[in-house]
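Enquirer: I would like to see how this sequence folds:
(one chain, ligands or ions: 2)
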Amino acid sequence: MGFNPLKIKIGVLGGGQLGKMMAQEVSKWDLNLHFLDPDSQASCSTMSPNFTCGDFRDYDTVYQWGKDKDIITIEIESVNIEALLHLEKEGVKVYPQPKLIRFIQDKTNQKKFFTEHNIPSAPYFTLCKNQEFRESFEASELKFPLVQKLNKGGYDGKGVQVLNDESELNNLFKEDSFFEKKAEIITEVSVIVVRSSNDEIKCYPSVSMDFHPTANLVEYLVCPAQIPEEVDQKCRALALKIASELGIVGLLAVEMFYNHDGEIWVNELAPRPHNSGHQTLDNGAVSQFENHIRSILGLPLGNTNFDKMAIMINLLGEENYSGEVIYNGISECLEQNGIYIHLYGKSITKPFRKMGHATIVGKDLSECIEKAEFVKKTLKVVSK
Ligand SMILES: Nc1ncnc2c1ncn2[C@@H]1O[C@H](COP(=O)(O)OP(=O)(O)OP(=O)(O)O)[C@@H](O)[C@H]1O
Ligand SMILES: [Mg+2]
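Expert: Numbering: from 1, shown residues only. Ligands and ions are numbered 1, 2, ... in the order given. Purely as a prediction, here's the structure:
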């Protein structure tokens, strides 16, 4: 296929860190991504000459911005679907397909899809505005503890709450939501699938969310996942089945729970690059970001396998610091082989804000854990 990268206009809705990493990965092919984000200080604002400040949730803004693009994709789900449908009708390629983004935006659609396609997921019941909790609860035959989830708009755990017993019913979310059985989780697992506009499909090895073995529950994303081989295979098979049956073009991250009874439950879907795929930038695979762009351009998909172990940790703003960011301890980390630091172009730190991530690549888990602990205690995101 002939290819003049300078002539292809790829638009990305959202200009955060996921967009920044996408742009970094494909700048090697002279591809310039065009970003739209409401935050004038967004990660992509300083690194792309084609950054537009505007609201990706607004119909007119998206439509006007999108008209001259050849292909549009997303790095965040909460975008204006009507505008994307309109652009698609006028011949702009939009991947993932707007109807699928809309479908995934509502978590109850995901739950229905799992039921209809025999995909294991937590049993649930729905509750719409003005409906009585008790009525639906009793009809469901579920018991406490339950997890309440907003149908729409949740992210980073906002919009999700555990209800241990009746006494917590006073704090129910008021918006449309559903309730599901609380899982007894050994580990959370994520599998990223990439499916191209030519119907080629591949997935990355499973990633597990593990915790610090000794202290204070620090989260590590470990790849390959620390789960039995047959569980990994089941997780991958489920993720591939979901992406194929949806017919999605682009990346699909499938979040799952591996439960104490040995069952796997699919938790939720994200049709975009995912936190659990960041290690693909450094572990020898073709990265999730490059494969995403390959998939929407209809290029052959790159290798998703690798033989190195990797741990990814988020670099979050320290609790008591707000203001212009300073990264302490970077040079100590860079002295060691196998530690890769990625910063997201955010000038202001706030408590727990995701400011970057570190990937630790090594030959085995204990080497990676040792270095990850070093990064965790050495690299601190603070302000003056
Ligand atoms: N049924 C459940 N049982 C036990 N824990 C759950 C359940 N559902 C969600 N959780 C916990 O809450 C977390 C957030 O839930 P979920 O992924 O559905 O929401 P989210 O807001 O989209 O989160 P994120 O953006 O972090 O992925 C999960 O990663 C898991 O730790
Ligand atoms: Mg989630």
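Enquirer: State the distance from Glu324 to ligand 1.
Expert: Glu324 sits 27 Å away from ligand 1, taking C-beta to the nearest ligand atom, to the nearest Å as the criterion. Where you see a C-beta, it was placed from the backbone N, CA and C, and this is true even at glycine.
Enquirer: interface residues of the stretch 201-350 of the chain facing ligand 1?
Expert: Residues of the stretch 201-350 of the chain lying close to ligand 1 (C-beta under 6 Å from any ligand atom) are Glu255, Asn267, Glu268.
Enquirer: Contact partners for Thr126?
Expert: Applying C-beta atoms under 8 Å, 6 or more residues apart in numbering to Thr126 gives the contacts Thr108, Ser136, Asp176, Ser177, Phe178, Phe179.
Enquirer: Okay, and which of these map to helices?
Expert: When those are checked against helices (DSSP state H), the matches are Thr108, Ser136.
Enquirer: Which single one of the contacts of Thr126 is nearest to ligand 1?
Expert: Ranked by distance to ligand 1 (C-beta to the nearest ligand atom), those are led by Phe179 at 9.3 Å.
Enquirer: on that earlier part again, make TSV out of the contacts of Thr126 and add distance to ligand 1 and neighbour count.
Expert: Shown next, in TSV, are those (distance: C-beta to the nearest ligand atom, whole Å; neighbours: other C-beta atoms under 10 Å):
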residue	distance to ligand 1	neighbour count
Thr108	12	17
Ser136	17	16
Asp176	15	16
Ser177	12	23
Phe178	10	20
Phe179	9	23
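Enquirer: Now do the buried residues in stretch 74-81.
Expert: Going by neighbour count (16 or more other C-beta atoms under 10 Å), the buried part of stretch 74-81 is Ile74, Glu75, Ile76, Glu77, Val79, Asn80, Ile81.
Enquirer: before we move on, what about stretch 117-125?
Expert: By neighbour count on 16+ other C-beta under 10 Å, the buried set for stretch 117-125 is Ile119, Pro120, Ser121, Ala122, Tyr124, Phe125.
Enquirer: Quick check: what element follows the longest helix along the chain along the chain?
Expert: The helix spanning the most residues in the chain, taking DSSP H as the definition, is helix 229-246. As assigned by DSSP states H and E, the chain's next helix or strand after helix 229-246 is strand 250-259.
Enquirer: Show me what that following strand packs onto, helices and strands only.
Expert: Counting contacts by 3 or more C-beta pairs under 8 Å, 6 or more residues apart in numbering; DSSP states H and E, strand 250-259 is packed against strand 185-195, helix 229-246, strand 264-270, helix 288-297.
Enquirer: quick one: the last one to strand 185-195, angle?
Expert: Using axes from the mean of the first three to the mean of the last three C-alpha atoms, to 10 degrees, one finds that helix 288-297 and strand 185-195 are set 40 degrees apart in direction.
Enquirer: Gln24: helix or strand, and which one exactly?
Expert: Judged by DSSP H and E, Gln24 forms part of helix 17-26.
Enquirer: Quick one: residues in contact with the helix or strand following that helix.
Expert: The first helix or strand that comes after helix 17-26 along the chain, using DSSP H and E, is strand 33-37. Here strand 33-37 makes contact (C-beta under 8 Å, 6+ apart) with 9-16, 19, 22-23, 26, 42, 44-45, 48, 50-54, 56, 61-62, 65, 69.
Enquirer: hmm, which of those residues are the buried ones?
Expert: Counted by 16+ other C-beta under 10 Å, the contacts of strand 33-37 give 9-16, 19, 22-23, 26, 42, 44-45, 48, 50-52, 54, 56, 61-62, 65, 69 as buried.
Enquirer: from the residues you listed, which are also near ligand 1?
Expert: When contact is defined as C-beta under 6 Å from any ligand atom, the buried ones among the contacts of strand 33-37 do not meet ligand 1 at all.
Enquirer: what helices or strands is the strand or helix carrying Lys377 leaning on?
Expert: Lys377 belongs to helix 365-378 when assigned by DSSP H and E. If contacts are counted by 3+ C-beta pairs under 8 Å, 6+ apart, helix 365-378 sits against strand 219-223, strand 309-316, helix 330-334, strand 354-362.
Enquirer: of the ones you listed, which approaches Lys93 most closely?
Expert: Proximity to Lys93 (C-beta to C-beta) singles out strand 354-362 among the helices and strands packed on helix 365-378, at 30.1 Å.
Enquirer: if we can go back for a sec, relative to Glu370, which of the buried residues of stretch 74-81 is nearest.
Expert: Glu75 (32.8 Å).
Enquirer: Kindly reformat the residues of the stretch 201-350 of the chain next to ligand 1 as TSV containing pLDDT and neighbour count.
Expert: Output for those, formatted as TSV (pLDDT from 0 to 100; neighbours: other C-beta atoms under 10 Å):
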residue	pLDDT	neighbour count
Glu255	97	19
Asn267	98	22
Glu268	97	17
